[in-house]
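Enquirer: build the 3D model from these lines:
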Amino acid sequence: MKKSPQVARVSRPPSPGSDSDGNDQVDDQSIIIPGAGGSSKLNATANSFQEKELWWFVPSPMPTDLSVQVQGIAFNVHKYPLVSKCGYIHRLELQPSILNSGYDVKLENFPGGSETFEFVLKFCYGLPVDFNSNNIAPLRCASEFLEMTEEFGDGNLITKTEAFLTFVVLSSWKDTITVLKSCETLSPWAENLQIVRRCCDSIAWKASREILTTGDEFIEEGWWFDDAATLHMDHFIKIIAAIRSRGTKPEIIGKCIMHYADRWLPGMDMELGGLRGYGHGKNELPFSVYSGKEEGGSGNSKEQKTIIESLVSILPPQQEAVSCKFLFKMLKMAMVYSATPELISELEKRLAMMLEDANVNDLLVPSYKNSIQGKLVNSEQCTMHDIDVVQRIVDYFLMQEKQQQQQKSRKCNISKILDNYLAEIARDPNLSITKFQVLAESLPENARPCHDGLYRAIDTYLKTHPSLSEHDRRRLCKIMNCEKLSFDACMHAAQNDRLPLRTVVQVLFSEQVKMRAVMQEKEPAPSGNISEQEGNQSSTDAEIKMLKTELEVVKMNIAELQNDYSDLQREYEKLGNKQTNIFQWSFSWRKIKNSFHTKVEGKETGAGKQIPNHFRRRLSIS
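Expert: Model prediction:
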């Protein structure tokens with residue numbers, strides 16, 4: 001009787017197409033594979049090996065005598081093909097199987113898993129194996145695991161896979177990217193075999209070569225940014241290190257990092273509502289209203305935190321490498337995912353060097369801790385924006401300015417940004433006056449050539465916090481220097497009911513002093529070029545006339561204020577019979593009158609001249 005050929009079988013769980021006994025329902029399709037001394041027949045389903053049970057028909061009377069387990073799947077094969085090719089199995093002390101007369105081998109942590117082991121079996125049985133960029137890295141690691149060296153036959157698997165990697169994969173950009181992706185699940189074998197390093201060096205070489213070819217135009221194109229952004233963070237870091245070692249410009253490296261962050265940190269461009277809609281009343285100066293952005297995102301918090309920390313660690317130290325806006329986005333994301341204090345401090349110091357390039361939207365860092373902590377101790381902790389972060393950035397900026405002794409103009413630019421930021425956060429009803437005052441007084445006195453922006457911020461805070469005491473109002477207004485207000489700001493302050501009375505008088509007095517000083521400076525000099533003086537005489541007379549008119553308006557306003565106090569004193573004197581302390585009140589108001597007394601001559605105000613109604617200001621007693 002003729003013996004039937006023995007089978008090398010892969011035992012798998014029953015598939016959906018199998019019967020109740022776990023036997024596959026095999027159709028009539030087959031693959032003819034040439035073998036030694038004849039042909040062998042490989043019956044397989046039309047589906048892939050992963051879905052159906054695999055049968056290896058070997059024209060040999062020898063039964064299978066080796067069971068290899070990989071990832072829970074048992075491969076029942078012949079021992080000789082594997083022992084003759086694999087040094088690892090050759091030196092194993094095979095244990096007899098309990099279930100059959102063969103031996104059992106269990107391969108723990110086999111690189112590439114059961115799918116890769118199937119390719120290894122085909123190679124050991126002499127069947128053709130198709131190398132490609134998807135399976136070459138797992139096969140290279142598997143061949144190293146099984147020690148398939150030239151000692152066990154010429155042209156063994158290590159030699160073939162190494163040659164394919166060197167001469168085929170690394171010469172192609174697309175194949176190199178594919179191989180690098182396949183290495184993500186092959187750690188540490190891919191690293192130890194230098195597959196990752198060689199792929200990263202190849203990518204860096206090709207990218208650097210393209211940069212040198214296209215020049216600065218490449219910065220805008222960045223065709224390889226998309227491919228690099230698909231890689232695992234560990235591999236991306238290695239590519240950046242390899243590109244940097246080749247002397248690539250920090251701007252290009254920074255653009256690549258920003259592109260990677262846009263892909264893996266989806267919350268970088270999420271819209272922000274914020275405190276908006278500040279209306280313009282009749283006693284309000286116009287403000288610029290900006291739209292902001294809030295950085296947030298969803299997903300694996302641990303993974304997002306790792307990405308943020310890794311990207312910050314590989315940022316080029318050069319200031320021009322990345323934009324200030326990007327750094328602020330990274331700072332906000334770092335705070336969302338509770339990054340380490342050291343990383344947040346590093347970002348704040350970098351931002352201090354680029355604070356000139358920031359705008360109000362960038363400085364509006366939401367107070368994420370409020371929504372995470374749940375319970376708050378007091379209302380001061382409920383501020384919509386994190387003021388402490390901006391305070392630290394400003395402090396770092398001043399520290400750097402002191403060390404580098406920068407010019408005053410840079411501080412002036414920062415003062416404009418800070419004043420706009422103060423006007424924005426002043427709308428928060430939970431913002432304490434202490435935090436507002438400390439941040440406003442952070443810059444030195446000479447940093448603000450004009451205090452109009454600071455006045456707008458103070459006015460906004462007073463409007464948002466109408467319950468402030470008189471003491472707090474005076475304390476807040478002391479931040480402002482009335483002498484550095486423009487004429488429009490002075491006219492606005494003179495009619496502003498929210499300001500303390502003492503501040504209003506200081507504003508009017510300072511404006512009068514400035515007008516007198518300007519008039520004195522415009523007077524013609526006793527000596528000099530007479531012809532030049534005559535040429536400018538007409539323009540000088542016009543300016544002096546205009547300043548005199550403005551001075552008259554201020555004097556009339558002060559006179560009206562004096563009349564208001566006189567009327568107020570008479571009203572209190574009428575109520576003297578009903579008050580026991582009338583003398584004390586009369587004495588107090590007489591002192592107020594004397595302190596603000598101003599003589600207004602008839603010839604100065606003009607006979608019969610009518611005082612404009614828009615300068616009249618009445619004080620009401622509640």
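Enquirer: burial count for Asn300?
Expert: 10 (other CB atoms under 10 Å). Every C-beta, even on glycine, is put in place using the N, C-alpha and C of the backbone.
Enquirer: residue contacts, the nearest residue to Val322 once chain neighbours are set aside?
Expert: The spatially closest residue to Val322, leaving aside those adjacent along the chain, is Gly254, at 4.1 Å (CB to CB, 6 or more residues apart in numbering). Counting by CB atoms under 8 Å, 6 or more residues apart in numbering, Gly254 touches Leu315, Pro316, Glu320, Ala321, Val322.
Enquirer: of these, which is the most crowded?
Expert: Val322 (23 neighbours).
Enquirer: that one contacts Cys256, doesn't it?
Expert: No: counting by CB atoms under 8 Å, Val322 stays clear of Cys256, with 10.3 Å between them.
Enquirer: show me the contacts for Asp472.
Expert: Counted by CB under 8 Å, 6+ apart, Asp472 has contacts Ile433.
Enquirer: just the CA coordinates for the helix or strand containing it, please, in PDB.
Expert: Using DSSP states H and E, Asp472 maps to helix 470-477. Below are the C-alpha coordinates for helix 470-477, written out as PDB (Å, rounded to 0.1, in the frame of the first residue of the first chain):
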ATOM      1  CA  GLU A 470     -12.400 104.900  47.500                       C
ATOM      2  CA  HIS A 471      -9.100 103.800  49.000                       C
ATOM      3  CA  ASP A 472      -8.700 101.000  46.300                       C
ATOM      4  CA  ARG A 473      -9.600 103.400  43.500                       C
ATOM      5  CA  ARG A 474      -6.900 105.800  44.600                       C
ATOM      6  CA  ARG A 475      -4.400 102.900  45.100                       C
ATOM      7  CA  LEU A 476      -5.100 101.800  41.500                       C
ATOM      8  CA  CYS A 477      -4.800 105.200  40.000                       C
END
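Enquirer: so which bits of it are buried?
Expert: Asp472, Arg473, Leu476, Cys477 (16 or more other CB atoms under 10 Å).
Enquirer: what about Ile89, how many residues close to it?
Expert: Around Ile89 there are 22 residues (other CB under 10 Å).
Enquirer: from Gly72, how far off is it?
Expert: 19 Å (CB to CB, to the nearest Å).
Enquirer: cool, Asp65 as well?
Expert: 21 Å.
Enquirer: so between these two, which is more surrounded?
Expert: Taking other CB under 10 Å, Asp65 and Gly72 do not tie; Asp65 has more neighbours (18 against 10).
Enquirer: ranges for the strands of the stretch 151-300 of the chain?
Expert: Here the stretch 151-300 of the chain has no strands by DSSP state E, counting those that start in this stretch.
Enquirer: just the helices in it please.
Expert: Here the stretch 151-300 of the chain has its helices, by DSSP state H, counting those that start in this stretch, at 157-164, 173-182, 189-192, 195-214, 217-221, 223-229, 233-245, 250-264.
Enquirer: need those in a markdown table (columns: distance to Met335 and mean pLDDT).
Expert: Below are the helices of the stretch 151-300 of the chain laid out as a markdown table (distance: least, CB to CB, whole Å; pLDDT from 0 to 100):
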| stretch | distance to Met335 | mean pLDDT |
| --- | --- | --- |
| helix 157-164 | 47 | 95 |
| helix 173-182 | 32 | 95 |
| helix 189-192 | 33 | 94 |
| helix 195-214 | 32 | 83 |
| helix 217-221 | 30 | 46 |
| helix 223-229 | 24 | 89 |
| helix 233-245 | 20 | 93 |
| helix 250-264 | 15 | 93 |
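Enquirer: which stretch among these approaches Val105 most closely?
Expert: helix 157-164 (17.7 Å; CB to CB).
Enquirer: show residues contacting the closest one.
Expert: 85, 120, 123, 131, 136, 139-140, 142-144, 146, 148-150.
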